[in-house]
Each structure stands twice: as structure tokens, then as C-alpha cells.
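# With the sequence up front, the predicted model follows.
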Amino acid sequence: MLQCDYMIQIPRGTAYVLAGLAGVTVVTTGFLGMRTYDQNLQIESITKAAISANQKSKAELATASTTIASLRSDLDNVRNELEGIADEYRDERDKNEEFEDQIRDLAGTLDEFQKLNDIDEELLAKYSKVYFLNENFIPSRIRQIDDDFVLDGKEDQYFHGEALKFLEDMLERAKRDGHDLKVVSAYRSFDEQTDLKGQFTQVYGSGANAFSADQGYSEHQLGTTVDLTVPSVGGTYTSFGDTEGFEWLEKNAYKYGFILSYPEGNDFYIYEPWHWRFVGRDLARDLNRSSKTTFYTMDQREINEYLLELFD
Ligand SMILES: [Zn+2]
């Protein structure tokens, strides 16, 4: 036995305890070791399962990607087809619209023809010693002028049916503005004009030509011309030109399509401040704008361009 001065003397009881402890430690360590080994096995198994699941997911993902790509391609095809159909539809629609436009244009042209056909071109023709109005000309749709607008003591007066509303509107407006304008004479037939000229000629001889149109040359036969006065003047006298009623007409008649046919200083007749002719609002407005141009100094072809809008 090895001698050792420092040998620790351990009591026998303690030694058993120590030995017991050592044994427990060994057993515990062994047990723990076993447990760790089990856990490792478990982790490995979970990891494997995870990897397997991951691989499966990847495979599924890949399949899904392929499916998506295939769907996208189908969608593109459908979209292309739809765009093709939309293009065709647009082409068709454009063609239809073009066709509709053509039909509309054609209808518009027909309407204008119809409108022109319905409007007597005589209504914008010049008559004073320039153009002879056919004795058979009778304006269409002649209507009676409201008695309120006719000078007391005069017989019933008639006017062109489509121009009548312009005349009555004008006279009504004048009345509201304080001017009691009255009709002395409106539509006169060829025969009436013949009688009238005969009467004037008997009294004034050939001097009657200066103020009374020969039958067939009178604007009154058109049905769109009217002689106006105020009760204080009482008839077709030059003094009407000095009244406020006349002044009102000079300022406003064009708004209703009326013009003074024979203004002061004209080369066709004596000055007739009472004699107003309906030529439509467009032409009357243009004539009102120009101080130099008058209806009778205008070119007939130029006047005819206003025919279509005569009653607008
Ligand atoms: Zn007249």
C-alpha cells in the first residue's frame, strides 16, 4: 500500500454515501444520455418529415405554377380573341355610323329640297319694274289679320299664313311700347291691284306710276307686304314718316323680318314710309346692319340664298 502523508481519512459511512451518489450519478447520466438519444431521433424524424413535406410542397408549387402559366396563356388567348371581336365590332359600328351619317345628310338634303319646294321663290323676288309677277300667283295659306290691328273703317285684311305671326308679333310689341300701328292694306290680289291702279290713273294720270305699282309689279300681291300707319295719320301718307310709330319700325321691324321696300332716295318708287315687306329675319337683319345696301340694290341671286330661312 502506498504511503501518503496527506491521505484523507474518510469515515466508512461517508464512503458508502459517496459510492451511492456516484452510482446514482452514473445511472442518471446513462438515463439522460438515453433520453437525449431519443430526442435526437425524434428531431431527425421531424426534420425528415419537414423536408419531405417541403419537397412535396415544392412539387405542388411547381404543378400550380404550371397550371397558372397554362391559365395565363389561355387568358391571353381569350383576351386576344375578345380584342379581335371588339375591333370587328368597332369597325362594324364605324361603318354603321358612317352609313347613318350618309342617311342623315341625305334626309337633310331632302328636307331642304322639300322646304325650298314649299317656299314660293317669288316671296323674295324684286318686283318694282324689274320682275313681273305672274297674274296667277296666289300666295299659299292666306290668313286674316286680327281686326285689332286693322285701321278702323278698313275691310278685312289678309296676309301670308306663315308670315302672319311675325306681323302680329311686331304689332303687338309696338303696342306694348306705346305705338298704335295699324294695317291700312295688306294682301292685294292681281285683280284688286288692277282696280286700284285704274282708280289712281283716273285721278293722277301717268303720274300714278310713281307711287302705285302696275298690276303684277306690286309686292302686295305676294301677301307678305303691308301698309302701316297710326290712327292720327290715318292712311298711307308721307307724314307717317314723321311719327314715333315709324321711328319704332325703323329701329325694330327687322327683328320681325320686315324691311322698308322704298326708303328715302331710292331709284324705284317715291319714298313710302308706310310700305313694309316681310323678307325673313336673316335678310332683314343683314340689311339693317348695312346702311348702304337695300333690298332693291341687292343682287337677286344673293337674295335667293335667304329663301331657305325665310320663315325661321
Ligand atoms: Zn304698299
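Cool, the structure landed. Please read these numbers as outputs of a predicted model, since none were measured by experiment.
# for the residue of the stretch 51-200 of the chain found nearest the ion, what are its contacts?
Nearest residue of the stretch 51-200 of the chain to the ion: residue 185, at 6.3 Å (CB to the ion). Quick note: C-beta positions are derived from backbone N, CA and C, even for glycine. Taking CB atoms under 8 Å, 6 or more residues apart in numbering, we find residue 185 in contact with 154, 157, 220, 226, 227, 236.
# Phi first, then psi, for the first one.
By that I understand residue 154. Backbone torsions for residue 154, taken as degrees, to the nearest 10, come to phi -90, psi 150.
# Quick check, it in contact with residue 183.
Yes. With contact defined as CB atoms under 8 Å, residue 154 reaches residue 183; the gap is 7.3 Å.
# and the residue of the chain found nearest the ion, how many neighbours?
At 3.6 Å from the ion, residue 275 is the closest residue in the chain, using CB to the ion. The number of residues packed near residue 275 is 23, by other CB atoms under 10 Å.
# in terms of contact, does it touch residue 259 like I think?
No. Contact criterion CB under 8 Å: residue 275 and residue 259 do not qualify, at 10.0 Å.
# that older thread, can you flag which of the contacts of residue 185 belong to strands?
226, 227 (DSSP state E).
# and the contacts of residue 185 as JSON lines, adding distance to residue 192 and neighbour count?
Converted to JSON lines, the contacts of residue 185 look like this (distance: CB to CB, whole Å; neighbours: other CB atoms under 10 Å):
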{"residue": "154", "distance to residue 192": "13", "neighbour count": "14"}
{"residue": "157", "distance to residue 192": "12", "neighbour count": "22"}
{"residue": "220", "distance to residue 192": "8", "neighbour count": "22"}
{"residue": "226", "distance to residue 192": "14", "neighbour count": "28"}
{"residue": "227", "distance to residue 192": "13", "neighbour count": "21"}
{"residue": "236", "distance to residue 192": "15", "neighbour count": "16"}
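# ok, so of the contacts of residue 185, who is nearest residue 44?
residue 226 (119.6 Å; CB to CB).
# low pLDDT regions in this structure?
1-11, 13-15, 17-20, 22-33, 128-132, 193-217 (pLDDT under 70).
# Which residues of it lie near the ion?
227, 275 (CB under 5 Å from the ion).
# Which residue ranges of the chain form strands?
142-144, 158-160, 182-185, 225-229, 258-260, 275-278.
# what about the last one, distance to the chain center?
Once both centres are worked out by CA atoms, centre = their mean, to the nearest Å, strand 275-278 turns out to sit 34 Å from its chain's centre.
# Likewise for the third one?
Relative to the centre of its chain, strand 182-185 is centred 41 Å away, using CA atoms, centre = their mean.
# Going forward, the N-terminal residue is numbered 22.
All right, first residue 22 from here; so that's strand 203-206.
# what comes up buried for that strand?
Of the residues in strand 203-206, 203, 204, 205, 206 count as buried by neighbour count, 16 or more other CB atoms under 10 Å.
# Adding distance to residue 311, write the strands of the chain out as a markdown table.
Formatted as a markdown table, the strands of the chain follow (distance: least, CB to CB, whole Å):
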| stretch | distance to residue 311 |
| --- | --- |
| strand 163-165 | 32 |
| strand 179-181 | 25 |
| strand 203-206 | 28 |
| strand 246-250 | 21 |
| strand 279-281 | 12 |
| strand 296-299 | 17 |
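# Go through the ones you listed and name the closest to residue 76.
When those are compared by CB to CB, strand 296-299 sits nearest residue 76, at 99.5 Å.
# helices or strands up against the closest one?
Judged by 3 or more CB pairs under 8 Å, 6 or more residues apart in numbering; DSSP states H and E, strand 296-299 is in contact with strand 246-250, strand 279-281.
# Most tightly packed of the ones you listed?
strand 246-250 (a mean of 25; mean count of other CB atoms under 10 Å).
# Which strands and helices lie in contact with it?
strand 203-206, helix 265-273, strand 296-299.
# Can you say which of the ones you listed is packed in most?
strand 296-299 (a mean of 25).
# List the neighbouring strands of that strand plus their orientation.
Applying DSSP bridges, strand 296-299 is found paired with strand 246-250 (antiparallel), strand 279-281 (antiparallel).
# residues in contact with it?
The contact list for strand 296-299, computed with CB under 8 Å, 6+ apart, reads 181, 184, 187-188, 240, 243, 245-249, 257, 270, 274, 277-283, 316.
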